[in-house]
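In: Below are the sequence and a predicted model for it; my questions follow.
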Amino acid sequence: MALYSLPLVLALVVLAQGASFGQDQRLRYDGYSVYKVKFETQAQRSILRKLAEDRENFRLWHEAKDELHLMISPGAFGEFDSEVQKTNVTAELFIRNVQELIDSEEAANLKASRDGSFGWTKYNSLAEIYAWLDGILAAYPTITEGFIVGQSYEGRTIRGIKISYKSNNPGVLIESNIHAREWITSATATWLINEFLTSTDELVRDLAENHDWYIVPVLNVDGFVYTHEKDRMWRKTRQPSEISSCIGADPNRNYDSHWMENEGASSNPCAEDYGGPKPFSEPEIQAMSEFVISIKDKINVLLAFHSYSQLLLSPYGHTKEEFPPNFDDMMEVAKAYGDAVESLPYGTVYRYGSAAGILYPASGATIDWAYNEQGVEISYTIEFRDTGRYGFILPPVHIIPNAEEALIGIAALLEKCKDLGYLGLKSAL
Ligand code: 0X9
Ligand code: ZN
Ligand code: ZN
């Protein structure tokens, strides 16, 4: 007991501080709604996307081939309504009040924090994740190894963990929380780390021990801290722009592979998908690229965790006119993941395809750079739960079911990769 008294006191102090200053410094979303807007033509799409560049009133949550999810401020509803009429698209309300979701998420977090700090019944802060990681590294010193990807713009350390039970395993790299508000991704990544180290289930043991895991639970550390402390809906990095008062670039548009091609990113610093002033302008992405290059001979598979919409997205992101050489294999691999998830009792369905093919052109993303420039032949974006009911503010009760789906999905995906010959040693280093 005495051993735990100091951290406990510290935790209480942190909680008390959060209660006194935290609340009012946070951006609130009272009366903000999220609409699913269905469109048919590219002209309609660009009008809607233009609207979303007015960040005060409209924010882009999600985009697919034929629909956009837009968050609307209460003051802009009139403008939204007339725009919907004028462009002849249909809009369906699916979140009435974003602040209500944020409040219940926060209540769940506070409740869970009271009975022990780190866990998967709540979303953990970066400090909690790093403290937990230290504990894991100390508890499993021979199997795990901490690594540092680099420093963020604001000077935070981007950390990762390697899990390796034996030599000559194929390597799997997991990049998580590159988008700040996609909290389910780091919750899932940390749960997987824990399962790999503690589970006695045979499937998990096979998965854990026969692959080398390189896991970066939070890549966009500045953005992540910002979502916890200031703006729950933040997506980008936090580096200021030299040409605008808007802050940050979309880190998943900042890699040097077909950068900014085919309208796969915006050149407007205020847009959610701003590609940055140049490739690798964001220190986090520069660092991640160097890290990937340093281990690329050991990496057979790259998985980039995102949310939301329950999708598996393969390269290419920059064009839907062409498909990668091993596209058919990648689709088989994705199907294996989807089928495995459907075998669970939750009823969750994953769709799959190339990123540009089933969503929209997105250039400069991690998986495309790794595939195109670094020879990682199996490279996937996984968009976790849900399909829009809660979007980014997925209630914590979903964390474990979502993570179970990821676990069984990844197991099936890797099994299929093995069958197709993708898990051989890449070099005899
Ligand atoms: O747009 C993105 O970066 C990802 N979707 S999200 O809603 N999480 O922002 C999808 C990226 C997939 N595209 C490529 N791999 N190019
Ligand atoms: Zn190109
Ligand atoms: Zn994302």
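Out: Cool, got the structure. Numbers count the residues shown, from 1 in each chain. Ligands and ions are numbered 1, 2, ... in the order given.

In: Can you name the residue of the chain nearest ligand 1?
Out: Nearest residue of the chain to ligand 1: residue 317, at 2.0 Å (Cβ to the nearest ligand atom). Glycine gets a C-beta too; all of them are placed from N, C-alpha and C.

In: could you say which helix or strand contains that residue?
Out: Using DSSP states H and E, residue 317 sits within no helix or strand.

In: What separation is there between it and ligand 3?
Out: 12 Å (Cβ to the ion, to the nearest Å).

In: check contacts around the residue nearest the centre of the chain.
Out: Centre of the chain computed as the mean C-alpha position; nearest residue by Cα atoms, centre = their mean is residue 306, 2.9 Å away. Residues near residue 306 by Cβ atoms under 8 Å, 6 or more residues apart in numbering: 178-179, 182, 185, 252, 381-384.

In: farthest-separated two in the residues you listed?
Out: 252 and 384 (14.9 Å; Cβ to Cβ).

In: Out of those two, name the residue with the larger neighbour count.
Out: Neighbour count, other Cβ atoms under 10 Å: between residue 252 and residue 384, residue 252 has more, with 29 against 25.

In: where does the nearest residue to that one once chain neighbours are set aside land on pLDDT?
Out: Leaving aside its sequence neighbours, residue 252 sits nearest to residue 365 (Cβ to Cβ, 6 or more residues apart in numbering; 4.8 Å). If you check residue 365, the pLDDT there is 98.

In: what's the closest non-adjacent residue to the closest residue to ligand 3 within the stretch 101-250 of the chain?
Out: Residue nearest to ligand 3 within the stretch 101-250 of the chain: residue 179 (3.5 Å; Cβ to the ion). Nearest non-adjacent residue to residue 179, counting by Cβ to Cβ, 6+ apart: residue 235, 5.1 Å away.

In: And for stretch 367-380, what's in contact with it?
Out: Counting by Cβ under 8 Å, 6+ apart, 173, 255-258, 289, 292-293, 296, 299-304, 312-318, 324, 326, 329-330, 333-334, 355, 381, 413, 417, 422 sit against stretch 367-380.

In: Could you check it against ligand 1 for contacts?
Out: Yes. Contact of stretch 367-380 with ligand 1 (Cβ under 6 Å from any ligand atom) involves 367-368.

In: so how far is the first residue of that stretch from its last?
Out: With Cα to Cα, to the nearest Å as the measure, the ends of stretch 367-380 fall 6 Å from one another.

In: buried stuff in that stretch?
Out: By 16 or more other Cβ atoms under 10 Å, the buried positions in stretch 367-380 come out as 367-374, 376-380.

In: How about stretch 421-429?
Out: Per 16+ other Cβ under 10 Å, stretch 421-429 contains these buried residues: 422-423, 426.

In: Name the residues that touch that stretch?
Out: So stretch 421-429 is contacted by 168, 170-171, 211, 296-301, 329, 377-378, 414, 417 (Cβ under 8 Å, 6+ apart).

In: what do you get for stretch 33-45?
Out: Contacts of stretch 33-45 (Cβ under 8 Å, 6+ apart): 48, 61, 66-72, 74, 77, 80, 84, 87-98, 388, 391.

In: List only buried entries from the residues you listed.
Out: 48, 61, 67-72, 80, 84, 87, 89, 91, 95, 98, 388, 391.

In: Please flag which of those residues sit within strands.
Out: Using DSSP state E, 61, 67-72, 91, 95 are the members of these that sit in strands.

In: Let's have the residues you listed in JSON lines, adding pLDDT and distance to residue 154.
Out: As requested, these are exported to JSON lines (pLDDT from 0 to 100; distance: Cβ to Cβ, whole Å):
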{"residue": "61", "pLDDT": "95", "distance to residue 154": "25"}
{"residue": "67", "pLDDT": "94", "distance to residue 154": "35"}
{"residue": "68", "pLDDT": "94", "distance to residue 154": "31"}
{"residue": "69", "pLDDT": "96", "distance to residue 154": "29"}
{"residue": "70", "pLDDT": "96", "distance to residue 154": "29"}
{"residue": "71", "pLDDT": "97", "distance to residue 154": "25"}
{"residue": "72", "pLDDT": "97", "distance to residue 154": "30"}
{"residue": "91", "pLDDT": "96", "distance to residue 154": "37"}
{"residue": "95", "pLDDT": "97", "distance to residue 154": "30"}
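
In: Please list the residues of this structure that sit near ligand 1.
Out: Close to ligand 1, as judged by Cβ under 6 Å from any ligand atom, the chain has residues 62, 179, 182, 252, 306, 313, 317, 355, 362, 365, 367-368, 381, 383.

In: how about a cut-off of 5 Å?
Out: 252, 306, 313, 317, 355, 362, 365, 367-368, 381 (Cβ under 5 Å from any ligand atom).

In: Which of those residues fall within helices?
Out: Within the residues of the chain next to ligand 1, membership in helices is found for 355, 367-368, as judged by DSSP state H.

In: Intersect these with the contacts of ligand 3.
Out: Contacts with ligand 3 are made by none of those, judged by Cβ under 5 Å from the ion.

In: Closest one of those residues to residue 131?
Out: Once Cβ to Cβ is applied, the member of these that ends up nearest residue 131 is residue 367, at 29.9 Å.

In: re the thing from before, could the contacts of residue 306 be laid out in JSON lines, adding pLDDT?
Out: Listed next are the contacts of residue 306 as JSON lines, based on pLDDT from 0 to 100:
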{"residue": "178", "pLDDT": "99"}
{"residue": "179", "pLDDT": "98"}
{"residue": "182", "pLDDT": "98"}
{"residue": "185", "pLDDT": "99"}
{"residue": "252", "pLDDT": "98"}
{"residue": "381", "pLDDT": "98"}
{"residue": "382", "pLDDT": "98"}
{"residue": "383", "pLDDT": "98"}
{"residue": "384", "pLDDT": "98"}
